[in-house]
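> Sequence and predicted structure are below.
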Amino acid sequence: MSDPIRISRAATKKPKPKDSELTFGTVFTDHMFVMDFQEEKGWYDPRVEPYGPFPLDPAAAVLHYAQAVFDGLKAFRGRDGQVRLFRPQKHVERLIQSSQRLCIPPLDPDLALKSLVTLVGIEKDWVPSTVGTSLYVRPTIIASEPFLGVRPAKSYIYYVILSPVGAYYPEGINPVKILVVDKYVRAVEGGVGGAKTGVNYAASLYAAEEAKHAGFTQVLWLDGRERKYIDEVGTMNIMMKIGDEIVTPPLSGTILAGVTRDSALSLMRDWGLRVSERPVTIDEVAAAARKGTLEEVWGTGTAAVISPVGELAYKGERLVINGGRIGTLTQKLYDAIVGIQYGTAPDTRGWTVPV
């Protein structure tokens, strides 16, 4: 039996931003969930406490060897006023898988789910109500043991913080311009590309900044070995419609098992579409674009849900997709997922958890 969650409430409350003023991940709620791990005790003392800084030893393992994992999910306020978490069990499962890859002791899935539901329940007033806004939920685990030897740490902190957010991309649901990079790689087979760990994001910054300076929103990553197979787009999974086939790269260990990716694939299979999880080369995509059979390209991810791609730039060639407009299927997927998230469409798969 896990320990009951201890709750200490903040003495003063922060002012809440207006829905119209929300950006992404800059404002944080009044409380956070925290739990500690020590080798001899296991995970212990689950608690909700006022949001604030952690005292961390300068030798804490996370600061030197990046032994840390995180996940990201959202809570939505429906038109009916009900707050719902979207597929939290799937996010907990992924956090545990990421932990195992980084030698971090796994959380109990039931307690991890309870930590999310409890904290969002306490901070319910922070969940914005405009469609397109949500409460972003960030569970994180860091190695806190102070030591400078290279081995898995013996103490950790698991915490959850919440942030009311607006659209991830300033473009919103408008198509973005993407630069295909073959100079840098995000992950290689056998690496940590399939885990949600900070080092993957740190490794991606340089190429993303170069792309931004060149006028692109994000980069399209190719595989680390041959630089010809498509991996991910920015921090999202990628899908494309070539003729009557929807193609997305398989989960081969270099890309993240996206929860929105899984949701989109489930929906499209239910709709009777031809969906393939298979390796796809940038040359196949470019050839389809030239031939006019590359009908739609979009990214999937928690932060932006569905992000249409209007243009790919590869080796100096600009491949415009669907005249730079959002495609019919891309829009249909966005509407279907958002409908379930906000409770305006029936949730026949049990994807939402009411808070």
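Looks like it arrived, so ask away.

> and the nearest residue in space to Glu311 that is not next to it in sequence, how many residues sit next to it?
Excluding its sequence neighbours, the residue lying closest to Glu311 (C-beta to C-beta, 6 or more residues apart in numbering) is Lys177, at 4.5 Å. Heads up, the C-betas are built off the backbone N, CA and C, glycines and all. Per other C-beta atoms under 10 Å, the neighbour tally for Lys177 reads 19.

> and Lys177, what does it touch?
Gly215, Phe216, Thr217, Val309, Gly310, Glu311, Ala313 (C-beta atoms under 8 Å, 6 or more residues apart in numbering).

> element containing it?
strand 176-181 (DSSP states H and E).

> Can you list the buried residues in whichever helix or strand comes after that strand?
Downstream of strand 176-181, the first helix or strand assigned by DSSP H and E is helix 198-213. By neighbour count with 16 or more other C-beta atoms under 10 Å, helix 198-213 contains the buried residues Val199, Asn200, Ala203, Ser204, Ala207, Ala208, Ala211.

> I'd like to know how far the last one sits from Leu148.
With distances defined as C-beta to C-beta, to the nearest Å, the gap from Ala211 to Leu148 amounts to 36 Å.

> Can you add distance to Gly132 and give the buried residues of helix 198-213 back as TSV?
Formatted as TSV, the buried residues of helix 198-213 follow (distance: C-beta to C-beta, whole Å):
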residue	distance to Gly132
Val199	31
Asn200	27
Ala203	30
Ser204	25
Ala207	28
Ala208	23
Ala211	25
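
> ok, Glu123 - contacts?
The contact partners of Glu123, by C-beta under 8 Å, 6+ apart, come to Thr29, Asp30, His31, Leu135, Leu162.

> How about the backbone phi and psi for the first one?
By that I understand Thr29. Main-chain dihedrals, Thr29, degrees, to the nearest 10: phi -80, psi -180.

> hang on, isn't it packed against Tyr51?
Yes. The pair Thr29 / Tyr51 is scored as a contact, 6.4 Å apart, by C-beta atoms under 8 Å.

> From Ala208, how far out is the residue nearest to Glu311?
Per C-beta to C-beta, Lys177 is found 13 Å from Ala208.

> cool, Tyr158 as well?
For Tyr158, the distance to Ala208 (C-beta to C-beta) stands at 28 Å.

> Identify the bridge partners of the closest residue to Gly327 other than its chain neighbours.
Spatial nearest neighbour of Gly327, excluding adjacent residues (C-beta to C-beta, 6+ apart): Glu296 at 3.3 Å. Listed by DSSP bridges, the beta-bridge partners for Glu296 are Lys241.

> Run a quick neighbour tally on Glu296.
Neighbour count for Glu296, taken as other C-beta under 10 Å: 22.

> Need the three-state assignment for the spatially closest residue to Pro50 that is not a sequence neighbour.
Spatial nearest neighbour of Pro50, chain neighbours left out: Ala10 (3.9 Å); criterion: C-beta to C-beta, 6+ apart. Under the three-state scheme (DSSP: H, G, I helix; E, B strand; the rest coil), Ala10 adopts coil.

> just for the stretch 101-250 of the chain, where's the confidence low?
168-172 (pLDDT under 70).

> how about the strands in it?
134-143, 155-165, 176-181, 218-222, 230-233, 237-242, 245-248 (DSSP state E, counting those that start in this stretch).

> Asp71: which of the ones you listed is closest?
strand 134-143 (5.2 Å; C-beta to C-beta).

> Could you point out which of the buried residues of helix 198-213 is nearest to Val355?
Asn200 (29.6 Å).

> who's in contact with the closest one?
Contacts of Asn200 by C-beta under 8 Å, 6+ apart are Arg186, Ala187, Val192, Gly193.

> what about Ile306, neighbour count?
The burial count for Ile306: 25, using other C-beta under 10 Å.

> which parts of stretch 119-139 are buried?
Buried residues in stretch 119-139, defined by neighbour count with 16+ other C-beta under 10 Å: 119-120, 122-123, 126-128, 131, 133-139.

> now swap in stretch 306-315 and tell me
For stretch 306-315, the buried set under the neighbour-count rule, 16+ other C-beta under 10 Å, comprises Ile306, Ser307, Pro308, Val309, Gly310, Glu311, Leu312, Ala313, Tyr314.

> Pull that stretch out as PDB, backbone CA atoms only.
Extracted C-alpha coordinates of stretch 306-315, given in PDB (Å, rounded to 0.1, in the frame of the first residue of the first chain):
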ATOM      1  CA  ILE A 306      -1.400  18.500 -34.900                       C
ATOM      2  CA  SER A 307       0.900  20.900 -36.700                       C
ATOM      3  CA  PRO A 308       0.400  21.000 -40.500                       C
ATOM      4  CA  VAL A 309       3.600  21.400 -42.600                       C
ATOM      5  CA  GLY A 310       3.200  23.700 -45.600                       C
ATOM      6  CA  GLU A 311       6.700  23.500 -46.900                       C
ATOM      7  CA  LEU A 312       9.800  21.400 -46.700                       C
ATOM      8  CA  ALA A 313      13.200  22.700 -47.700                       C
ATOM      9  CA  TYR A 314      15.800  20.100 -48.600                       C
ATOM     10  CA  LYS A 315      19.200  20.600 -50.300                       C
END
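
> Just the mean pLDDT for that stretch, thanks.
The average pLDDT for stretch 306-315 rounds to 95.

> Kindly report the same for stretch 8-25.
94.

> Would you mind measuring the gap between the ends of it?
Start-to-end span of stretch 8-25 (C-alpha to C-alpha, to the nearest Å) is 24 Å.

> Show me what it is in contact with.
For stretch 8-25, the external contacting residues (C-beta under 8 Å, 6+ apart) are 27, 29-31, 47-51, 122, 125-126, 128-130, 133, 136, 163-168, 303.

> This completes my enquiry, with thanks.
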